[in-house]
Each structure stands twice: as C-alpha cells, then as structure tokens.
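In: next input, structure requested:
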Amino acid sequence: MKKPRVFVSRRIPEASLRPLMQECDVEIWEDELPPPYEKLLEKVEGKDGIISLLTDRIDAHLMDVAGPQLKVISQYAVGVDNIDLKAATDRCIVVGHTPGVLTESTADLAFGLLMAAARRIVEGAEYVKAGKWRTWHPLLLLGNDVHGATLGIVGMGRIGQAVARRAAGFGMKVLYYNRTPKRVEIPNVDARQVDLETLLRESDFVSIHTPLTEETRHMIGRRELAMMKPTAVLVNTARGAVVDTDALYEALKDGRIGYAALDVTDPEPLPSDHPLLTLPNVVVVPHIGSASTTARTRMGDLAVANLLAVLNGKRPPHVANPDVLERPECRRA
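Out: Residues are numbered from 1 along each chain as shown. Predicted coordinates:
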C-alpha cells in the first residue's frame, strides 16, 4: 500500500519524527531558515499532509497548489494566525495545533522576562562584561520589586493562568482582562477580572497572552500605552503584532513606560538595526517561549499525532478548525 506523502517545513525533534517516518513518505526542509513561499508551494504539491511552523504562510492558494488530496495541516505551535482557517475548512482540510504542551514553559519564560526587566538583569550582566563594575554602590542599577506588585494579565487562557499561579508565589495582586469575559478561579491566586483600561492603569507589570486576530492586532497601541504607569513593565510572549511596535518605541524612549521585555516582535525577527534595540530599557529574546527540550519534543509528538490521526481517518487530539469535522461533505470513513 502506498504511503501518504507528507512535507515537514523544518526539522523537528527526531523522537517525534520516528513514527511519522514509519507510516509516511516524508520530505523535510533541512535549512535553518524557513522555505520561501515559492519554494513552499513547490514542496507541498501532491502532499497528503503538511507539518507547518508559524513562519510559514499557509493560504488558500497554497492549499489549492497542494491539491485536493491534502487532508491535514498540522501546526507545530499553539497559534495558527499564519493559516487561513476558513480556506482550510472550505476545502475539508483539518488544521491541527499544539495547545497545552508548551503552557508551563512559556509561562516560565514570561515570568523570567518580568524578573529580568524588574531587576535589570540583562543590563547588569552587560555592565559587568563591559568592565564597568568597580565597586558596590547604593544607587547602582536600581530596579523594581516584584513581590507585592500588581500584575495585569491580558488573555487569561492556559498560559495566562499559569503566569498567575507563578505570581501567587511572589504575593502579587493579579488583574486580568479577557476579550470574552470569563470567570477564572485559580487556587491560592487573588485574581480579579477588570476592563482593559483599569488593568493598564493599575498594573505594575502587564503580561500579554492573547492570540493574534484582526481584533487583537495592535491591541496595545499609543492610547493604551499612555494609560500605563511611567514605571510599568510590558511583557509580551504572545505575538508581536498585538503591540504597535512604533508606539512602543516612542513610549519607551520618552519614558512614558518603564521597560519592555519581549519574546515576540513585529516584525519578526527584529532587525539588528531596529530602533528598539538602541534603548536601554528593552530586553528582546528570539521567540524562545517554548524552547525547552521537553516542550519542543511534546509539541513535535502532538503535531505528528494530529497529522497521523487525520491520515488514518481518526479525530486528531487538537483541531484549530473543529467545524470541519462536522461538515457532512468533509466526513471520511
């Protein structure tokens, strides 16, 4: 029996690839950089399944070029803002993704960035490397306390709740805002749901955990940044375009907010000559929220499990466009 043909748009952990290689005819893009769109079109043609990354533009044209035999696009990520979900559903293509398995690792990094910004850890390390450390000084690199401060969480999903649990260990007061109001109760966490304006005005730290949609694009812009405390720290481990980069640069440069700690940027990657990187009150890391060995392997396992389930006529563990499973014309034996 002929094996299904699958394209993997970047090499993922080997342990995750093994079951895929056993059941499918697999082609992997081996370059460090993602395939250019035109090359991606060439590689997906005739494939039954695709394992994609957030760096890949998966639109209606690409799906049509792949062909009517394409059954599944399995995203190696939680977010699927790079995939046209409507186009996939219209073509009876199941889109899988990997929620849950990277929650704790991303929350770890978000809180690590918060701490790094509050206590100016990166600045301190650079200060030592530059040979500037001559003595202990009472006013050297003064930062902000984390314990007892107010943390505002924008987007109280899995990751937002995991960050709130970490905040409890520091005795922080937690405010949260969700675009769709939801009551969240977390053991041992004092969390209060508020509107976005209240959150921005009252929080010492604002951590973003909302997906990127047309509604959330530039959700944090000039108006919102102007509401924040001049000492406030903005942490973003969600998607770069949730924040208006130009507005953020101006707010940081003019001292309207205190600090930004970013795992994601817009554009991404951020060019080395970008104005943001000239500021002392910014920490930027290269989208490493899920970059633990455990998390990335679990992501690979789930991405492969989603793909193989669809190819074997089964319901995948996690579907980003669940409506496709209910459409009569899309049901497969």
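
In: for L41, see how far away the nearest residue to V44 once chain neighbours are set aside is.
Out: Distances taken as C-beta to C-beta, 6 or more residues apart in numbering place A66 nearest to V44, at 4.3 Å, with adjacent residues excluded. No exception for glycine: its C-beta is placed from N, CA and C like everyone else's. Computed as C-beta to C-beta, to the nearest Å, the A66 to L41 distance reads 8 Å.

In: of those two, who's got more company?
Out: Between A66 and L41, counting by other C-beta atoms under 10 Å, A66 is the more crowded of the two (24 against 15).

In: residues contacting the more buried one?
Out: Contacts were defined as C-beta atoms under 8 Å, 6 or more residues apart in numbering; by that measure A66 touches V44, E45, G46, K47, I50.

In: repeat that with 7 Å
Out: With C-beta atoms under 7 Å, 6 or more residues apart in numbering as the criterion, the residues that contact A66 are V44, E45, K47.

In: ok, it to I50 distance?
Out: Distance from A66 to I50, by C-beta to C-beta: 7 Å.

In: which neighbours do the two have in common?
Out: V44.

In: so which elements touch the helix or strand hosting A164?
Out: Secondary structure here is read from DSSP states H and E; on that basis A164 sits in helix 158-168. Packing partners of helix 158-168 (3 or more C-beta pairs under 7 Å, 6 or more residues apart in numbering; DSSP states H and E): helix 103-118, strand 150-154, strand 173-177.

In: check which helices and strands the longest one sits against.
Out: Just to be clear, that refers to helix 103-118. helix 158-168, strand 205-208, strand 233-236, strand 259-262, strand 282-284.

In: out of the ones you listed, nearest to L325?
Out: helix 158-168 (21.9 Å; C-beta to C-beta).

In: average pLDDT for that closest one, rounded please.
Out: Regarding helix 158-168, the rounded mean pLDDT is 97.

In: with stretch 310-330 instead?
Out: Mean predicted lDDT for stretch 310-330 stands at 94.

In: who's in contact with that stretch?
Out: Stretch 310-330 has contacts (C-beta under 7 Å, 6+ apart) with 4, 48-49, 71-72, 75, 80, 85, 88-89, 92, 94-99, 302, 305-306, 309, 332-333.

In: those residues in helices, which ones?
Out: L85, A88, T89, L302, A305, N306, A309 (DSSP state H).

In: what's around the residue lying closest to V189 once chain neighbours are set aside, how many residues?
Out: Spatial nearest neighbour of V189, chain neighbours left out: A168 (4.6 Å); criterion: C-beta to C-beta, 6+ apart. The local packing count at A168 equals 17, with neighbours defined by other C-beta under 10 Å.

In: got a list of what D204 touches?
Out: For D204, counting by C-beta under 7 Å, 6+ apart, the contacting residues are N144, A149, T150, K229, A232.

In: swap in W133?
Out: Contacts of W133 (C-beta under 7 Å, 6+ apart): Y127.

In: let's see stretch 256-269 as PDB, backbone CA atoms only.
Out: As requested, C-alpha coordinates have been extracted for stretch 256-269 and formatted as PDB (Å, rounded to 0.1, in the frame of the first residue of the first chain):
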ATOM      1  CA  ARG A 256       6.000  57.000  29.300                       C
ATOM      2  CA  ILE A 257       6.500  53.400  30.400                       C
ATOM      3  CA  GLY A 258       9.500  52.000  32.200                       C
ATOM      4  CA  TYR A 259      10.500  48.800  30.400                       C
ATOM      5  CA  ALA A 260       9.600  46.200  27.800                       C
ATOM      6  CA  ALA A 261      10.600  42.500  27.800                       C
ATOM      7  CA  LEU A 262       9.700  40.800  24.500                       C
ATOM      8  CA  ASP A 263       9.900  37.300  23.300                       C
ATOM      9  CA  VAL A 264       8.000  38.200  20.100                       C
ATOM     10  CA  THR A 265       8.300  41.200  17.900                       C
ATOM     11  CA  ASP A 266       6.700  42.900  14.900                       C
ATOM     12  CA  PRO A 267       8.500  42.500  12.500                       C
ATOM     13  CA  GLU A 268       9.900  39.100  13.500                       C
ATOM     14  CA  PRO A 269      12.700  38.600  13.500                       C
END
